[in-house]
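Participant: Sharing a model that was predicted from the sequence below.
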Amino acid sequence: MTSTRPLPALYAGALSAASTAENLPTIDDGTQELLRSSLSDLKQVNSRVTALALFSANDTLEDISTRDLVYLTVPFVLAQVENRIRFTEPDERMINLSQVQQHLKTFVSNLGYLGVVSEAEHTLHTQLPSIKDAAKRREAKIQQYKAEQDLRARIEMVRKRRRQRPIGGGSSSVFDLALSLLPPTSRSSAANDDDETETEDILREATLLLLKLCYVQACSQLESLEQELELLRSAPPPPSHPPPLSSEQHEKTREEVSWKLEKTPHSSRGDPLLDPSGKPLQPFTILPSSASDRARFQAQVFKPSHRLPTMTIDEYLEVERQRGNIITGGGRQSETKPTSSEQLAMDSEMEGAAFGEMKSEEKRQKDEQWAQFKDANPRGAGNIMNRG
């Protein structure tokens, strides 16, 4: 459906939708809706620019008005949006890449015959595919990167001269930059532009810098698109889907998956498996025919040579603790805790209680045993080497 909106408003809507979708994941359905809406508006803009004959091969750069210069970016923006449309089949993606490639070539060709880029800039950004040496390719890429950053810095300087707010901290989107260069759609906005002392020379300079920036990106993307197309052409074809099985074929397949005899070298010769009395004449194995079931049964038979663990480390420590093999205590808590002798002395002092009398008798027997031991083993009795 053809829109009746003015050309600047139609292009502004397409650029706004593309700018919103630029930082969103391409795979999301919401992003795809924004991209398709922007693509529809861009195709209308492209058709109207062609119908109005704003640009022709006979024109020079001076023949094009400043208000119309920004529409030279339409093929480039169209390529950027169309390149993000999601496709699942390789053939569809190849057709899409061919269309994107055609839009970029049209954009580069338009800037070429209008003389927007100089011969030195054209050589700098188109020489990369012909360079085979890795070091020279790296140096060329560094020069291209520096040229692109220089263009972005110059665009920001022009934007400041136009008293516009910087976008994105130095990494301005092409969509936002093109949106800021569109001509006003009403007289009031034109009056505001006059109040802001915006001159046509500054606007023209900003538009030419934006076209050069798009030219740099288009040359880089053309090389990447060619590499992706080459990969898609050399990719193997997807496996063809087999026709649906009939009921007889489905039943036969189900029987083959069920349990059956495994084929052995002896059985392949056609020898009988059993004699008339039912005695086996050759070895055989009964297994499912699928490879996954065979692997599962083999894993159950061939176990590791070492013993596998039967409990976790925590479970083992709990068993050892119950057996009394783990010593507990010690540390600062044991410093204040009385020893067994001290505890026995304190318990024996509990007079008037049966527990105290029992502990008192236990202490008396312990003291008596210690006295008997000292009588039987006088002090220094075992010191025969160092008497004194």
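Facilitator: Sure, I can see it. Numbers count the residues shown, from 1 in each chain.
Participant: in what helix or strand does residue 155 lie?
Facilitator: Using DSSP states H and E, residue 155 sits in helix 134-161.
Participant: Hmm, residue 273 is touching residue 283, no?
Facilitator: No: contact criterion CB atoms under 8 Å: residue 273 and residue 283 do not qualify, at 9.7 Å. (Glycine included, C-beta is placed from N, CA and C.)
Participant: Mind checking which of the two has more residues around it?
Facilitator: Using other CB atoms under 10 Å as the criterion, residue 273 and residue 283 rank with residue 273 on top: 13 against 10.
Participant: Residue 311 belongs to a helix, doesn't it?
Facilitator: No: read with DSSP: H, G, I helix; E, B strand; the rest coil, residue 311 is coil and lies in no helix.
Participant: list the contacts for it?
Facilitator: Residues in contact with residue 311 (CB atoms under 8 Å, 6 or more residues apart in numbering) are residue 319.
Participant: Confidence-wise, which helix or strand of this structure is lowest on average?
Facilitator: Least confident element among the helices and strands of the chain, by mean pLDDT, DSSP states H and E: helix 187-195 (a mean of 47).
Participant: Next secondary structure after that helix?
Facilitator: As assigned by DSSP H and E, the chain's next helix or strand after helix 187-195 is helix 200-234.
Participant: So for that next one, what gets flagged as buried?
Facilitator: By 16 or more other CB atoms under 10 Å, the buried positions in helix 200-234 come out as 203-222, 225, 228.
Participant: That helix versus helix 134-161: what angle between them?
Facilitator: With axes from the mean of the first three to the mean of the last three CA atoms, to 10 degrees defining the directions, helix 200-234 sits at 150 degrees from helix 134-161.
Participant: can you tell me the average pLDDT over helix 200-234?
Facilitator: Averaged over helix 200-234, pLDDT sits at 84.
Participant: Just name whatever secondary elements that helix is in contact with.
Facilitator: Packing contacts for helix 200-234, counted by 3 or more CB pairs under 8 Å, 6 or more residues apart in numbering; DSSP states H and E, involve helix 66-69, helix 74-83, helix 90-114, helix 119-126, helix 134-161, helix 174-180.
Participant: now with 7 Å?
Facilitator: Where contact means 3 or more CB pairs under 7 Å, 6 or more residues apart in numbering; DSSP states H and E, helix 200-234 is packed against helix 66-69, helix 90-114, helix 119-126, helix 134-161, helix 174-180.
Participant: For the longest one, which helices and strands make contact with it?
Facilitator: Using 3+ CB pairs under 7 Å, 6+ apart, the elements in contact with helix 134-161 are helix 119-126, helix 200-234.
Participant: Among these, which comes closest to residue 132?
Facilitator: helix 200-234 (13.9 Å; CB to CB).
Participant: now the angle between helix 74-83 and the closest one, please.
Facilitator: Relative orientation of helix 200-234 versus helix 74-83 (the same axes, to 10 degrees): 40 degrees.
Participant: How far does helix 200-234 sit from its chain's centre?
Facilitator: Centre-to-centre, helix 200-234 and its host chain are 26 Å apart (CA atoms, centre = their mean, to the nearest Å).
Participant: Repeat that for stretch 293-302.
Facilitator: 37 Å.
Participant: One more: stretch 57-77?
Facilitator: Per CA atoms, centre = their mean, the centroid offset for stretch 57-77 relative to its chain is 40 Å.
Participant: Quick one: mean pLDDT for that stretch?
Facilitator: 85.
Participant: Would you indicate which residues of that stretch are buried?
Facilitator: 64, 66-77.
Participant: Which one of these is nearest to residue 119?
Facilitator: Nearest to residue 119 among those, with distances taken as CB to CB, is residue 72, at 19.1 Å.
Participant: Give the closest residue to residue 272 in space, chain neighbours not counted.
Facilitator: residue 281 (6.0 Å; CB to CB, 6 or more residues apart in numbering).
Participant: pLDDT wise, what is the one you found at?
Facilitator: On pLDDT, residue 281 comes in at 77.
Participant: Residue 21 is in contact with residue 36, isn't it?
Facilitator: No: counting by CB atoms under 7 Å, residue 21 does not reach residue 36; the two are 9.8 Å apart.
Participant: Looking at those two, which is more packed in?
Facilitator: The neighbour comparison of residue 21 against residue 36 (other CB under 10 Å) goes to residue 21, with 23 against 16.
Participant: so where does the more buried one fall, helix or strand?
Facilitator: Assessed by DSSP H and E, residue 21 sits inside helix 7-22.
Participant: orientation of that helix relative to helix 74-83 in degrees?
Facilitator: Going by the same axes, to 10 degrees, helix 7-22 makes 40 degrees with helix 74-83.
Participant: Now helix 7-22 - C-alpha only, CSV.
Facilitator: Listed next in CSV are the C-alpha coordinates belonging to helix 7-22 (Å, rounded to 0.1, in the frame of the first residue of the first chain):
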residue,chain,number,x,y,z
LEU,A,7,8.8,12.1,1.3
PRO,A,8,10.8,13.6,4.3
ALA,A,9,8.3,12.2,6.8
LEU,A,10,8.2,8.8,5.1
TYR,A,11,12.0,8.6,5.1
ALA,A,12,12.1,9.8,8.7
GLY,A,13,9.7,7.1,9.9
ALA,A,14,11.8,4.4,8.2
LEU,A,15,15.1,5.7,9.7
SER,A,16,13.5,5.9,13.1
ALA,A,17,12.3,2.3,13.0
ALA,A,18,15.7,1.1,11.7
SER,A,19,17.5,3.0,14.5
THR,A,20,15.2,1.5,17.2
ALA,A,21,15.9,-2.0,15.8
GLU,A,22,19.6,-1.5,15.5
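Participant: I'd like the average pLDDT over that helix.
Facilitator: 87.
Participant: Next, the buried residues of it.
Facilitator: 7-8, 10-19, 21-22.
Participant: quick one: which of those is nearest residue 56?
Facilitator: Nearest member of the buried residues of helix 7-22 to residue 56, counting by CB to CB, is residue 7, at 17.5 Å.
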